[in-house]
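1. What follows is a predicted structure for the sequence shown.
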Amino acid sequence: MSLQTRCLALALGAMSALATFGAAAAEPTRITMYYPISVGGPLTQVVDTLVGEFQQANPDVKVEAIYAGNYDDARTKALAALKAGTPVQTSVLFSIDLHELKDLGVIRPFDDFAKTPEDRAWLKSFYPALMENGVADGKTWGIPFQRSTIVMYYNKDAFRQAGLDPEKPPRTWAELHADAAKLVQKDGATTSRWGVMIPSTGYAYWMFGALTKQNGQPLMNPAGNKTFFNSPKSVEALNYWAGLAQDGLSPKGLIEWGTLRQNFVEGKTAIMWHSTGNLTAVMKEAKFDVGVAPLPAHTEPGSPTGGGNFYLFKSGSEAEQQAAYRLVKFLTAPERSAQWSVATGYVGVSAASYDTPALKTYAAKVPQALVARDQLKVATAELATHQAGRVRKLLDDAIQSVITGQQAALPALDAAQAQADRLLKPYQR
Amino acid sequence: MTVTPTRTPPSPRRPAGQAALAWALLAPALLLLAGFTYGPTLASLWQALHTEAPGLPAAFTGADQLRALAEDPVFRQALRNNALYAAVTVPLSVGLALAMALWVQDRFAGRGLLRLAFFTPTVLPMVAAANLWLIFYAPDIGLLNRALAWAGLHGPNWLGDAGTALWALMAVTVWKEAGFFMVFYLAALQSLSPELMDAARLEAPSAWTRLRRVTLPLLAPTTLFVGVNALINAVKLVDHLFVLTRGGPNNASTLLLYYLYEIAFKFQDLNYAAALTLVLLALLGAVSAAQFWLARRIHYR
């Protein structure tokens, strides 16, 4: 490995020597980046366009951007590539993988690279809520890219039909419950339209994090070594969620993350909670008047942030890592962030991105695009702990067992908490 | 397919050169086996005896990982699920394959099309097929529930209910496997000697008797081969889990290999994964041993 780096350094040295002799065709620096997509729409093309623009502005760098499935797949692939000795200089991975990637010792803080005042200003340019999952031990490890909050999509036509004011989406748990009851449409014994659907596969813990935030209860501490799965407020939140199906407002059993958008645009549910990253696809596919609202409040409003951050890996040569750093800066600049936000619905990562002409024009035409940004003011960090995958699965399993009626909320969350305590104990130094 | 064991007469004295040559000839295979089979197995054993987690120092913990595995409710569930999964999918897909092969071996109009139809699921990439089934199974918008609704029935939430998720997966597996195994049966049926079948036709007038007393016994080696493959696939074929249920709801459809994947790659716990690998190896080893024993009985009859 070190021999490889030394060879690379030698090669790079030789190259720069050649360049001084006036050899124009210098080999470009090659960097590899993995990225996930977890929402709808032809987004690989958008990424290719953005990366193409970077290469045009930086002809000395060649970027291989590899689409790697969902967040878990992308992490798995990036780590597997690193283990196999293939350099991966940067990747977009789950923002909440921070502690685990840090524990594995594969990432470098951005502070290592941001030396100039303007670079340090760049580090500070992002929305603070988006940085909560990117900072640990006083250093910045993740830079927001495809970031989201959960928003409430609703069918305004269905609201009108049910005698509800389409401009007044439910603002509290009680209102959501009451409105959903009015929105349910029965066709004999079968329900032809449900009131509300909250997805319980894929990212069940994320939706649960929204409910507990609305009940004033975070799911973990910032250090990521303690969870609060079974606090009375968490239990109440899970009971509320499970109650939606018990009261016939939501279908029984799990609601699939991947097909929920289809359910909504086909009018099978009047309200859905989903990532704002789906906004553009929903607006394109729905044949009715789509409303987007912040999530309802219980004791307080709120949603966890979500989505992917850029990480820099300890992999490849220093020149390659510097090039990767340039790529991250380029792709998170206000103009690119605006472009990405318009194409997807993900939030623009900085206040400056909302001042760009592109996003201003778009927001004037599609005001729904601003909901997720406005919700950032009341947003909280997403569940991120050491051994994150495992802790997340514990919570996901507990939620699913309650949603499918196998267990009551309290024993299910008690068990998940006990196992999480066992896993996290070694990290409570 | 009767094989008479050829026995070399014991030679009193074998020249030393012959043994060296034998070892030399075996060496490449031995090297590959050592590199890709025995080495990793020993490495797994070594890893299973240690405990390390991201960010924590590694330690030798002996049988701790295996003990944790024995007490792991998810592992137990995966084991139960996998046993049920194998018990249902193996006989079903093998039986269906045989039925389909018997149907399409005779000459009739449209035989080629029917064969192609039966074989299509096999050539579809698993993940693509699983995505199709995801849409079939989706409640409210799925093809299956729409068909049921048309018949006035209310279909369940196939993949989202702990009671139906595993069965829904089994259906996909049988659909996918049967066409593949049909090809083996078809080949076997066509290699049966026509004289035997003609004689059987003279002796036994009923098609059922002929099938039971002549065709099936002659197909026994194929049945064994297909059965063992189906069993191995039941442990191995988990691609559709990634798309369809990810083992949910609440592990109701988790299978051993998928759980192993989660531990090793999603949780990065290589030691625990190594312990689980050893258990899987032991299980598959037992299956192979049973196969050797059965093979001798079938072939030498």
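-> Structure received. Residues are numbered from 1 along each chain as shown, chains lettered A, B, ... in the order given.

2. Provide a list of residue ranges in chain A with pLDDT below threshold.
-> Applying pLDDT under 70 to chain A flags residues A:1-26, A:40-41.

3. Kindly provide the distance from the residue of the stretch 51-200 of chain A at minimum distance from chain B to A:Asp137.
-> Residue of the stretch 51-200 of chain A nearest chain B, by CB to the nearest CB: A:Asp103 (3.0 Å). For glycine as for every other residue, the C-beta is placed from the backbone atoms N, C-alpha and C. Here the distance between A:Asp103 and A:Asp137 works out to 12 Å (CB to CB, to the nearest Å).

4. Looking at these two, which is more packed in?
-> In this view A:Asp103 and A:Asp137 are compared by other CB atoms under 10 Å in any protein chain shown, and A:Asp103 has more residues nearby, 18 against 8.

5. Confirm that that one sits in a strand.
-> No: applying DSSP: H, G, I helix; E, B strand; the rest coil, one finds A:Asp103 to be helix, outside a strand.

6. Excluding chain neighbours, what is closest to it?
-> Once flanking residues are discounted, A:Asp103 sits nearest to B:Gly55: 3.0 Å by CB to CB, 6 or more residues apart in numbering or on different chains.

7. so B:Lys266 makes contact with A:Ala74?
-> No: using CB atoms under 8 Å, B:Lys266 is not in contact with A:Ala74, being 11.7 Å away.

8. So between those two, which is more surrounded?
-> Using other CB under 10 Å as the criterion, B:Lys266 and A:Ala74 rank with A:Ala74 on top: 24 against 18.

9. In terms of helices and strands, where is the more buried one?
-> Following DSSP states H and E, the helix or strand that holds A:Ala74 is helix A:71-83.

10. ok, then the element right after the strand or helix carrying A:Ala178?
-> Taking DSSP H and E as the criterion, A:Ala178 maps to helix A:173-183. Sequence-wise, the next helix or strand downstream of helix A:173-183 (DSSP H and E) is strand A:185-187.

11. any bit of that next one sitting next to chain B?
-> No: if you take CB under 8 Å from any CB of the partner chain as the test, strand A:185-187 misses chain B, and the best it gets is 9.0 Å.

12. next helix or strand past that strand?
-> Per DSSP H and E, the first helix or strand lying C-terminal to strand A:185-187 is strand A:190-197.

13. Give the buried residues for that following strand.
-> Buried residues in strand A:190-197, defined by neighbour count with 16 or more other CB atoms under 10 Å in any protein chain shown: A:191, A:193-197.

14. So what's the residue count around the nearest residue to A:Pro296 once chain neighbours are set aside?
-> Leaving out its chain neighbours, the residue that sits closest to A:Pro296 by CB to CB, 6+ apart is A:Leu176, at 4.8 Å. Here the number of neighbours of A:Leu176 (other CB under 10 Å) works out to 24.

15. where do the helices sit along chain B?
-> Remark: helices assigned in chain B by DSSP state H are B:16-33, B:39-48, B:64-71, B:73-105, B:111-123, B:126-137, B:143-150, B:165-191, B:194-203, B:207-210, B:216-236, B:239-244, B:256-261, B:270-299.

16. Pull up the residues of the stretch 101-250 of chain A that are close to chain B.
-> Selection of the stretch 101-250 of chain A residues close to chain B by CB under 8 Å from any CB yields A:102-105, A:189-190, A:194, A:200-202.
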